[in-house]
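Colleague: Just a sequence and a predicted model for now, questions to come.
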Amino acid sequence: MKSNNQRTVSHAIVVVCAALLFSAPTFAQSLLGHKYEFEAAPIREGEKAVIPLDTSDPSYNIWRQLRDLSKDPVREPGIINIQKYDFGLSYNSMPTFFHMPVAMSPADLKASKVDIAIMGAVTDMGSGMRGAAHGPNAVRNSNVYGGYGARQPHLHTMVDPLTDLVVADFGNAPIDIMSTERSMQPIREFVRSAAEVEINPGEHVIPIIVGGDHSLMYPDVAALTDVYGKGNVGVIHFDAHYDAGKYMMGHLISHGMPVYRLIEEGLVPGKNFIQVALRGYYPDEESFKWMREQGFRYHTMAEIEERGFQAVMEDVINEAQDGPEYLFVSFDIDTLDPSFVPGTGTPEPGGLTPREAFPIVRRLCAESNVVGFELVELAPMLDPTYVSALNANRLIKECMTGIAMRKQGLTEPHYLSPLTKTHGQN
């Protein structure tokens, strides 16, 4: 039983918190938006803004030290199939992305002419809710049915990316699990090491990055601008939130800030950003004004509810083709309604259904020149079932199916196989 004094203190705390949250401008808006209207919190005399790192510590960079592959048995470069059985059910297979062979180095990617290199990035310090670090391995283990080695085409298109493309698991990017800031440049270098591999004249490996929190958008997109040029890569950003916050307690990167970082550094101009499925309570009014000033094209759930998803999808596809030659698709798993994906740190009710999300991802990758894709914010430990990882798996498969369709020339608007869209009987 609480005493009267305890109740009084608890009530006072609630009142203070409510005053902070609901004052105008709200604390949350000021913290996360583009106009911070309070005085900066002072640093006390003698206080350091940060405690410096000990760069003499022998373990300072151990997290990014690659294993010396020269000590391995000598082999010719190329991807390595580690599966023991020609046809192995999910529970009898080694957990790689889609049971695909592994690539240990960019030389392996080049020697095997890998079309798609799937890699994990286990950041979750950029989020208030930890757990996204387990996203990549959850996807590796998400094939709850189906075999390895059997042709399993996408039923809508009769295209199977796992046999029509060369796909490899490129491992995980180096991450300092205690620092988002320290992880950004190594991730950028890791993604670039795959994206810069030219497998045919003018044709590069396409990286697919599985996260990890959404701070990844910054190094992932930056890596592609390193390869294709600053300002030459457009971004299709699926998210419940716009992730262009400017203030975050002194940090310049978090899972709510990558868009602002890319624009601030001139890597991607606002006119080359297209955002889909924004909803909830973020962005605020000032942020929407900023997005318009930057030239953003955005499609909120309010628009989707008013006009219908089919009409909005056609607009997104057309806008994706009205911009730079190269496109990157960033898909935050909270784009989907949490009834389909409870396993994410920032669930927002009222999102897309899988039946809406799957075709637009597939179409973007088939009908546009997508050179990179990321799936972020999957936090499987927040989901007591396997449904979140299953839907994440399928989103990546939709992307790969679209890339395979494009390689086969199946780029007409919303291509569907004649075998599956009608039974053909009179």
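Modeller: Alright, I've got the coordinates.
Colleague: any idea which helix is longest in this structure?
Modeller: In the chain, assigned by DSSP state H, the helix with the most residues is helix 387-407.
Colleague: How many neighbouring residues does E264 have?
Modeller: 12 (other Cβ atoms under 10 Å). Glycine gets a C-beta too; all of them are placed from N, C-alpha and C.
Colleague: actually S183, sorry about that
Modeller: By other Cβ under 10 Å, neighbour count at S183 equals 27.
Colleague: is T300 in a bridge, and if so with what?
Modeller: L278 (DSSP bridges).
Colleague: Cross-check the contact I'm expecting between it and G280.
Modeller: No - contact criterion Cβ atoms under 8 Å: T300 and G280 do not qualify, at 9.8 Å.
Colleague: Show me what the longest helix of the chain packs onto, helices and strands only.
Modeller: strand 116-121, helix 135-140, helix 161-164, strand 206-211, helix 354-367, strand 370-376 (3 or more Cβ pairs under 8 Å, 6 or more residues apart in numbering; DSSP states H and E).
Colleague: Tell me how far it lies from the chain's centre.
Modeller: 13 Å (Cα atoms, centre = their mean, to the nearest Å).
Colleague: ditto for stretch 45-65
Modeller: Centre to centre, stretch against its chain (Cα atoms, centre = their mean), the figure for stretch 45-65 is 28 Å.
Colleague: Dump the helices and strands packed on helix 387-407 to CSV, plus mean pLDDT.
Modeller: Putting the helices and strands packed on helix 387-407 into CSV (pLDDT from 0 to 100) gives the following:
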stretch, mean pLDDT
strand 116-121, 98
helix 135-140, 94
helix 161-164, 94
strand 206-211, 97
helix 354-367, 98
strand 370-376, 98
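Colleague: Turn the ones you listed into a markdown table, columns for mean neighbour count and distance to I253.
Modeller: Below are the helices and strands packed on helix 387-407 laid out as a markdown table (neighbours: other Cβ atoms under 10 Å; distance: least, Cβ to Cβ, whole Å):
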| stretch | mean neighbour count | distance to I253 |
| --- | --- | --- |
| strand 116-121 | 26 | 14 |
| helix 135-140 | 24 | 18 |
| helix 161-164 | 20 | 32 |
| strand 206-211 | 28 | 14 |
| helix 354-367 | 22 | 26 |
| strand 370-376 | 27 | 14 |
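Colleague: what secondary structure does I199 sit in?
Modeller: strand (DSSP: H, G, I helix; E, B strand; the rest coil).
Colleague: Now for it, how many residues are close by?
Modeller: Count around I199 with other Cβ under 10 Å applied: 17.
Colleague: Was I right to think it contacts V205?
Modeller: Yes - with contact defined as Cβ under 8 Å, I199 reaches V205; the gap is 6.2 Å.
Colleague: Give me the phi and psi for the nearest residue to G266 once chain neighbours are set aside.
Modeller: Distance criterion Cβ to Cβ, 6 or more residues apart in numbering; nearest residue to G266, sequence neighbours excluded, is K230 at 6.3 Å. Taking degrees, to the nearest 10, you get phi -60, psi 130 for the backbone angles of K230.
Colleague: same question, L352
Modeller: According to degrees, to the nearest 10, L352 has phi -70, psi 160.
Colleague: contacting residues for it?
Modeller: Residues near L352 by Cβ atoms under 8 Å, 6 or more residues apart in numbering: 238, 277, 301, 304, 309, 335-337.
Colleague: just T157 next, same as before
Modeller: T157 neighbours (Cβ under 8 Å, 6+ apart): 362, 401, 405, 410, 415-417, 420.
Colleague: Scan those residues and report the most crowded one.
Modeller: The contacts of T157, ranked by neighbours (other Cβ under 10 Å): first place T401, 27 neighbours.
Colleague: For that one, list the residues it contacts.
Modeller: By Cβ under 8 Å, 6+ apart, the neighbours of T401 are 154, 157, 159-161, 362, 365-366.
Colleague: 6 Å instead, please
Modeller: With contact taken as Cβ atoms under 6 Å, 6 or more residues apart in numbering, T401 is in contact with 154, 159, 161, 362.
Colleague: just wondering, since we're on it, how far is it from I79?
Modeller: 20 Å (Cβ to Cβ, to the nearest Å).
Colleague: what about the strands in this protein?
Modeller: 116-121, 167-172, 198-200, 203-204, 206-211, 233-238, 273-278, 297-300, 326-332, 370-376 (DSSP state E).
Colleague: I would like the residues contacting the first one, please.
Modeller: Counting contacts by Cβ under 6 Å, 6+ apart, the residues outside strand 116-121 that touch it are 97, 109, 136, 165, 167-170, 172-173, 187, 194, 205-212, 216.
Colleague: residue ranges with poor pLDDT in this protein?
Modeller: Filtered on pLDDT under 70, the chain yields the residue ranges 1-38, 88-90, 144-151.
Colleague: let's see 90
Modeller: 1-52, 66-72, 83-94, 99, 125-130, 141-152, 244-256, 280-284, 386, 426 (pLDDT under 90).
Colleague: How is it partitioned into domains?
Modeller: 1-32, 78-407 (automatic domain parsing).
Colleague: I'd like those written out as JSON lines, with distance to S70 added.
Modeller: Listed next are those as JSON lines, based on distance: least, Cβ to Cβ, whole Å:
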{"stretch": "domain 1-32", "distance to S70": "47"}
{"stretch": "domain 78-407", "distance to S70": "11"}
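Colleague: So which of those domains is the most surrounded?
Modeller: With neighbours taken as mean count of other Cβ atoms under 10 Å, those reach their highest mean count in domain 78-407, at a mean of 21.
Colleague: measure the nearest residue to M178 once chain neighbours are set aside to P161 for me?
Modeller: With sequence-adjacent residues excluded and distances taken as Cβ to Cβ, 6+ apart, M178 is closest to M125, at 6.8 Å. Computed with Cβ to Cβ, the distance linking M125 and P161 is 32 Å.
Colleague: S142 too?
Modeller: 16 Å.
Colleague: got a list of what N369 touches?
Modeller: 325-326.
Colleague: now the nearest residue to G171 once chain neighbours are set aside: how far from G295?
Modeller: In this structure, G171 finds its nearest non-sequential neighbour in M119, 6.2 Å apart by Cβ to Cβ, 6+ apart. Applying Cβ to Cβ, the value for M119 to G295 is 31 Å.
Colleague: the helices in the stretch 201-350 of the chain, which residues?
Modeller: 217-228, 258-264, 285-294, 301-307, 309-320 (DSSP state H, counting those that start in this stretch).
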